[in-house]
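In: what's the 3D shape of this:
(2 chains)
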Amino acid sequence: MAGVSDEELKNMTQEERVTALGMRTDQLTGLAMRIEFDPDEVERFEYPWAPEVDFNKRTELDVDDMTSTEVNQKIRALMQEGYGTIVIKNPRGKHSLGVGILTRLRLIFEGSLGYFGVGLIDGPNVTINGRVGWSCGENMLAGTIVVEKNAGSTFGAAIRGGDLVSRGSVGSRTGIDQKGGTILVGGDTGALTGFMMQRGRMVICGNAGKNLGDSMYDGTIYIGGEIQSLGVDAVPAELTDLDKAWLTRKLTQYGLMPDKGVDHFQKIVAGRQLWNYDNLEPSEKKIIL
Amino acid sequence: MCGIAGLIHKGASSNVGGEMTAMLQALKHRGPDSTGYAVYGEPTQGDYVMRVKVAEAEDMATGRGIHKLIEDRIAEVETILAEHDVRIKSREAPTEYSLRYVLTHGGDITEMAAQIEEAEGVEILSMGAGLELIKDLGDAADVAGLYGLNNFQGTHGIGHTRMATESDVDIRSAHPYWAFPYSDVSVVHNGQITNYWLMRRDLERKGHRFMSDCDSELLAVYTAHNLSNGISLEDSLRSSIEEIDGVFTYLVATKDQLGMAKDTMAAKPLVLYESDDLIAMASEEVAIRAILPHEIDTTDPYDEEVRVWQA
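Out: From the prediction side, this is the model:
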């Protein structure tokens, strides 16, 4: 048992021992993992261990001869020194750059990223003046990512929050397993976009490939162009004034507003035919009956 | 996982060998088991370039007997060549087990090629007027160094870094595959073919030969079958999406064309760069960046996409 010696266990009460050995059920529900924010504090949106950074402190980093690991370690070292604006030069398609940054930061990439670019982030504002490969912004929690050019497949896979923007076209399976946040695409998207999407919004200004919104549980897809085909249980819905106002605001914010406005957008939601949440598993039925 | 790469210069020759090496070396992390090239030089008028392997790289460690065996196999190959009135213009041996012949032969090569491959342990890696097909164990730098590819001049080429998932780590199962017996056609593939045995049995009934158990070889044989029936490369690529099951992205090169096809799920990656004089594509952008230092625009081809470019 990590962190607890036999000697310590012997001196504990039964109650303490249970907690120390991790046998509490509330740990399984995630309650014990929660970071409590003090309601009296006006602003505490950062992790307690996050470094203090100043947006006005700017630095440039040429990463041509560095490995992905070295680049990510260097970014962290610079943040510890208080740099709040970091410009990365010559990323040249390297994978996994800028991942796992959990605090505010202005991160600018002058070039293109490979796979899993700036995934798992919670807070930074990222600009990529090039293209990204597969799974950009994968699992991001908060912040913004703006990609100036095209993106690869699984753009924003399992994204949970924040805004993820590509001004160009993106590959297949965009926003697969999306659980929140917003994905904005200036161009087209490939097949199986929004596959098993669960929450959040996706805006595609161009066309979509086949099986759009396949098996989506919930969430909303707005699409400006043509849909090759809708996936299982993805159905069109009425575009309300509220939707239009939101689209106008969001698209204007990132300079993606189409010339003809937002009235032509189609709205796709889950048909809820695949919702079987109340059905019992065979083993559960046995207990009840 | 495997990495594939291809490039084609429009109407111009370039250091294709060096460029392919840079691209494949950048893809090394996708497959360190073996590396292969199919590069296309200036076509030799009336001559064939034949690349033959007479043993596996791993056989070389089996003892002294292998050297005698190799000599016997080479003698047998050359006897068959002589029987078909083929004149050997030159013979090089970059490694003990792989040879490069330049041959003068006017007639049909199919029967001759079939006879050569009947010899135990002998496989023709490629035959063609411009095609040079090289594959061996190790990364791109190793193979390019061993076979002197770093300064190879040509118009186009395809390459592959292999992570063996469906068959053994040996030269037999390495890519690219030559579309036997169709001269100057080669294939590299990233993916898995799930109706391999059905398709293989079908093609074997039609008289085609398979040298390995690697599913990618099917694409080469399939392409050869279509091309020999007068079907264009583009139509063959298109029909493969219908007829072949599984996940795949593959590239086909002919003496003056480069084609790509992506399966219906778009499950295997490809990044494409197109300009007026150069088209380059690879599994990952990092490979294209290895040969183009300046800022470029790249795209991901979509599902069921088929493209063919002319040199």
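
In: got the contact list for the spatially most central residue of chain B?
Out: Central residue of chain B (CA atoms, centre = their mean): B:P176, 2.6 Å from the mean position. Applying CB atoms under 8 Å, 6 or more residues apart in numbering or on different chains to B:P176 gives the contacts B:36-38, B:133, B:135, B:158-160, B:186-188, B:220, B:253. Bear in mind the C-beta positions are built from the backbone N, C-alpha and C, glycine included.

In: Is residue 165 in a helix, a strand, or coil?
Out: All of this refers to chain A. strand (DSSP: H, G, I helix; E, B strand; the rest coil).

In: give the contact list for it.
Out: By CB under 8 Å, 6+ apart, A:V165 lies in contact with A:T144, A:I145, A:V146, A:V147, A:I183, A:L184, A:V185, A:G186, A:Y254, A:L256.

In: so the first one touches A:V126, yeah?
Out: Right, A:T144. Yes - counting by CB atoms under 8 Å, A:T144 touches A:V126, with 6.8 Å between them.

In: okay, those two: which has more neighbours?
Out: The residue with more neighbours, out of A:T144 and A:V126, is A:V126; 27 against 20, by other CB atoms under 10 Å in any protein chain shown.

In: Leaving out the residues flanking it, which one is nearest to A:T103?
Out: Residue nearest to A:T103 in three dimensions, not counting chain neighbours: A:A50, with 3.7 Å by CB to CB, 6 or more residues apart in numbering or on different chains.

In: Kindly list the main-chain dihedrals of that neighbour?
Out: For A:A50, the backbone dihedrals are phi -70, psi 140 (criterion: degrees, to the nearest 10).

In: quick one, what contacts the closest residue to chain B within the stretch 1-150 of chain A?
Out: Nearest residue of the stretch 1-150 of chain A to chain B, counting by CB to the nearest CB: A:G93, 3.7 Å away. Listed by CB under 8 Å, 6+ apart, the contact partners of A:G93 are A:G111, A:S112, A:L113, A:G114, A:G133, B:E284, B:E285, B:V286, B:A287, B:I288, B:R289.

In: Then B:G36?
Out: Taking CB under 8 Å, 6+ apart, we find B:G36 in contact with B:L133, B:I134, B:K135, B:D136, B:V143, B:G159, B:H160, B:R162, B:A174, B:H175, B:P176, B:V188.

In: Mind telling me what element the fourth one is part of?
Out: Right, the one you point to is B:D136. Using DSSP states H and E, B:D136 maps to strand B:131-137.

In: quick check: mean pLDDT across the following helix or strand past that strand?
Out: Using DSSP H and E, the helix or strand that follows strand B:131-137 in sequence is helix B:140-147. Per-region confidence: helix B:140-147 scores 94 on mean pLDDT.

In: now for stretch A:76-87, what's the gap between its first and last residues?
Out: Chord length of stretch A:76-87, first to last residue, is 13 Å (CA to CA, to the nearest Å).

In: follow-up on the earlier one: could you list which of the contacts of A:G93 belong to helices?
Out: Among the contacts of A:G93, DSSP state H puts B:E285, B:V286, B:A287, B:I288, B:R289 in helices.

In: Give me the below-cutoff pLDDT ranges for chain A.
Out: Chain A contains residues with pLDDT under 70 at A:1-2, A:24-45, A:288-289.

In: got the contact list for stretch A:78-90?
Out: Stretch A:78-90 is contacted from outside by A:51-64, A:71, A:75, A:97-98, A:101, A:103-111, using CB under 8 Å, 6+ apart.

In: Quick one: buried ones out of the residues you listed?
Out: The neighbour count (16 or more other CB atoms under 10 Å in any protein chain shown) marks A:51, A:53, A:61, A:63, A:71, A:75, A:97-98, A:101, A:103-111 as buried among those.

In: Next, B:A224: phi, psi?
Out: Torsion angles, degrees, to the nearest 10, at B:A224: phi -60, psi -40.

In: How many residues are close by the residue found closest to it once you drop the neighbours it is linked to in the chain?
Out: In this structure, B:A224 finds its nearest non-sequential neighbour in B:A179, 3.6 Å apart by CB to CB, 6+ apart. Around B:A179 there are 29 other residues, counting by other CB under 10 Å.

In: Equivalent analysis for A:G255, please.
Out: When neighbours are counted by other CB under 10 Å, A:G255 registers 10.

In: ok so it is a helix residue?
Out: No - applying three-state DSSP, one finds A:G255 to be coil, outside a helix.

In: Quick check: it vs A:G186, distance?
Out: According to CB to CB, to the nearest Å, A:G255 and A:G186 sit 9 Å apart.

In: Need the nearest residue in space to residue 217, chain neighbours excluded.
Out: Looking at chain A here, since you left the chain open. Per CB to CB, 6+ apart, closest to A:Y217 is A:Q198, 4.7 Å.

In: you looked at the wrong chain, it should be chain B
Out: B:Y177 (5.1 Å).

In: B:L133 too?
Out: Nearest to B:L133 is B:S126, by CB to CB, 6+ apart, at 3.3 Å.

In: how about that neighbour, secondary structure?
Out: strand.

In: And for A:V99?
Out: Under three-state DSSP, A:V99 comes out as coil.

In: Go ahead and confirm it touches A:D122.
Out: No - with contact defined as CB under 8 Å, A:V99 does not count as touching A:D122 (11.2 Å).

In: of the two, who's got more company?
Out: Using other CB under 10 Å as the criterion, A:V99 and A:D122 rank with A:D122 on top: 21 against 18.

In: Do I have it right that that one meets A:I159?
Out: No - in this structure, A:D122 is not within contact of A:I159 by CB under 8 Å, at 11.8 Å.

In: Touching the helix or strand of chain B with the lowest mean pLDDT from outside, list them.
Out: The weakest-scoring helix or strand in chain B, judged by mean pLDDT, DSSP states H and E, is helix B:110-118 (a mean of 89). Residues from elsewhere that reach helix B:110-118, judged by CB under 8 Å, 6+ apart: B:52, B:77, B:80-81, B:83-84, B:86, B:105, B:122-124, B:127, B:180-181, B:209, B:211.

In: Repeat the analysis, applying 7 Å as the threshold.
Out: For helix B:110-118, contacts defined as CB atoms under 7 Å, 6 or more residues apart in numbering or on different chains pick out B:V77, B:I80, B:H84, B:V122, B:E123, B:I124, B:M127, B:F180, B:P181, B:R209.

In: Tell me the spacing between A:E52 and A:E226.
Out: Using CB to CB, A:E52 is found at 49 Å from A:E226.

In: Which stretches in chain A count as helices?
Out: Using DSSP H, the helices found in chain A span residues A:6-10, A:14-20, A:25-28, A:68-80, A:241-253, A:282-288.

In: Please apply the same query to the stretch 51-200 of chain B.
Out: Secondary structure of the stretch 51-200 of chain B by DSSP state H, counting those that start in this stretch: the helices cover B:65-83, B:110-118, B:140-147, B:196-205.

In: so of these, which one's packed in deepest?
Out: Among the helices of the stretch 51-200 of chain B, helix B:140-147 has the highest mean neighbour count (mean count of other CB atoms under 10 Å in any protein chain shown), at a mean of 19.

In: Just give the nearest non-adjacent residue to B:T194, would you?
Out: B:G246 (4.1 Å).

In: For that neighbour, give me phi and psi.
Out: phi 120, psi -170.

In: State the distance from it to A:L164.
Out: If you go by CB to CB, the gap between B:G246 and A:L164 works out to 31 Å.

In: So the two - more neighbours on which side?
Out: Taking other CB under 10 Å, B:G246 and A:L164 do not tie; A:L164 has more neighbours (31 against 17).
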